[in-house]
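[1] Take this sequence and fold it.
(one chain, ligands or ions: 2)
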Amino acid sequence: NISDIRPVIRQLDEAAINRIAAGEVVERPASAVKELVENAIDAGARRITVEIADGGKTLIRVTDDGCGISGPDLPLALSRHATSKIDGSDLLNIHTFGFRGEALPSLGAVGRLTIQSRPQGEEGAEIAVAGGRMDPVKPAALNGGTVVTLRDLFYATPARLKFLRTDRAEGQAITDVIKRLAMAEPFIAFTLRDASGDGAGRDVFRVQAEQGDLFDALHGRLSEVLGREFAENALPIDATREGLHLTGFAALPTYSRGSPVAQYLFVNGRPVRDKLLIGALRGAYHDFLSRDRHPAAALFIDCDPTLVDVNVHPAKSEVRFRDPGLARGLIVSALRHALAEAGHRASTTVAG
Ligand code: ADP
Ligand code: MG
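    Residues are numbered from 1 along each chain as shown. Ligands and ions are numbered 1, 2, ... in the order given. A predicted model of the protein is given here:
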């Protein structure tokens, strides 16, 4: 009888909606770290400290010295699609990492989340949420800035928990996220501390804020993150074409790697993993490297936000250029030019 199977259409409650969205935004501890550190960067922090335990599975805590959130706004920060970063009228003009207003409510749906915050000249306050249920705001004592603590990620979704890899592998993914963001933000100091077990924990990664102009700061930061050998073998890249500006460093072919481990691409300050750009990087080295070698580079494309759509995927690591051929052409020609010049210099030095 068909009437027995007639479905009932129901509006899902907010907690269920947040849990579903969390499936897209928060895949693993590293994605939570990415969202929280991006929030700290958006808040104008100069110093960001990340503490984790057990690969981020039991604890992720991000402390920043940014602008903070006023106590009365804390419930709003945890509400879905609530953001201070855009007004919704111009999705093509985005200058911050965040804009969806999804991260905090999603994290609050899949873990035990506490936010403590204190904007300059205000009293500190905190709010806690677990399994989508929010406690009332209460006073908290802290320095200026924000401390977000996420415990027991996926405790309410055991299926997700099972898909996580070892603490070591999840910890490595977190380190990778922080390194990428640290490359994008050389003027911010970053610390990653592993607080597993007893004791004060151990620093896994630590960089001081770089000084000087952006190019020097970037070179200094790349030297810290990718190693001095990369920095010493890297050619500076600086080229512009039709509104796309390409900067960064590309390593000499002699510094190539057996796997594509040292390829870092950023679009408007955002770390991206984009097939088009990776392909362009490979293409640029085509005449300079054998097939089994992979170039090393950290490249930054900056352009008017209207020329690139970062709204492609919730995790936002993919982008879509309005003119993909232009982005590809810029990378290929700028790198080929730099590599040819370096080769020319090397051969004339040998000859002379
Ligand atoms: P989005 O980053 O897309 O705006 P989030 O859910 O990540 O969405 O954050 C919601 C809001 O909470 C942000 O728009 C911001 O106003 C505030 N917020 C989050 N983290 C911080 C932080 N570390 N410092 C200051 N404000 C924050
Ligand atoms: Mg955010």
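[2] dump the residue contacts of Leu299.
    Ile237, Leu246, Thr247, Gly248, Phe249, Ala250, Tyr264, Leu265, Phe266, Leu277, Leu281, Ile331 (C-beta atoms under 8 Å, 6 or more residues apart in numbering). Using the backbone N, CA and C atoms, a C-beta is placed for each residue, glycine as well.
[3] so who does the nearest residue to Phe288 once chain neighbours are set aside touch?
    Once flanking residues are discounted, Phe288 sits nearest to Pro253: 4.4 Å by C-beta to C-beta, 6 or more residues apart in numbering. By C-beta under 8 Å, 6+ apart, Pro253 lies in contact with Tyr285, Phe288, Leu289, Arg293, Pro295, Leu339.
[4] The fourth one: how many residues sit nearby?
    The one in question is Arg293. Residues within reach of Arg293, counting by other C-beta atoms under 10 Å, total 17.
[5] Quick check: closest non-adjacent residue to it.
    With C-beta to C-beta, 6+ apart as the criterion, Arg293 has its nearest non-adjacent residue at 4.0 Å, and that residue is Ser256.
[6] just checking, Arg241 touches Arg328?
    No - Arg241 sits out of contact with Arg328 when judged by C-beta atoms under 8 Å, with a separation of 10.8 Å.
[7] ok, the two, which is more surrounded?
    More neighbours surround Arg328 than the other of Arg241 and Arg328, with 18 against 15 (other C-beta under 10 Å).
[8] In contact with the more buried one, which residues?
    Leu276, Leu277, Gly279, Ala280, Gly283.
[9] Quick one: buried ones out of those residues?
    The neighbour count (16 or more other C-beta atoms under 10 Å) marks Leu276, Leu277, Ala280 as buried among the contacts of Arg328.
[10] Tell me which helix or strand the last one sits in.
    Under the criterion of DSSP states H and E, Ala280 resides in helix 275-285.
[11] for that helix, packing partners?
    Secondary-structure packing of helix 275-285 (3 or more C-beta pairs under 8 Å, 6 or more residues apart in numbering; DSSP states H and E): strand 263-267, strand 297-302, helix 324-351.
[12] hmm, 6 Å instead?
    Other elements packing on helix 275-285 under the criterion 3 or more C-beta pairs under 6 Å, 6 or more residues apart in numbering; DSSP states H and E are helix 324-351.
[13] I'd like the distance between the residue in the chain that ligand 1 sits nearest to and Gly121.
    Going by C-beta to the nearest ligand atom, ligand 1 is nearest to Gly98 of the chain, at 2.0 Å. Distance of Gly98 to Gly121, given as C-beta to C-beta, to the nearest Å: 24 Å.
[14] Compare the two (neighbour count), which wins?
    Comparing Gly98 with Gly121 by other C-beta under 10 Å, the one with more neighbours is Gly98, at 20 against 7.
[15] from memory the more buried one sits against Ala82, does it?
    No - taking contacts as C-beta atoms under 6 Å, Gly98 lies outside contact range of Ala82: 11.1 Å.
[16] ok, the residue of the chain closest to ligand 1 - contacts?
    Listed by C-beta atoms under 6 Å, 6 or more residues apart in numbering, the contact partners of Gly98 are Asp42, Lys85.
[17] Would you verify that it is located in a strand?
    No - under DSSP: H, G, I helix; E, B strand; the rest coil, Gly98 sits outside any strand and is assigned coil.
[18] nearest residue to Ala298 other than its sequence neighbours?
    Nearest residue to Ala298, sequence neighbours excluded (C-beta to C-beta, 6+ apart): Tyr264, at 4.2 Å.
[19] His81: what's its closest spatial neighbour, skipping adjacent residues?
    Take His81 and drop its neighbours on the chain: the residue closest to it by C-beta to C-beta, 6+ apart is Gly101, 4.6 Å away.
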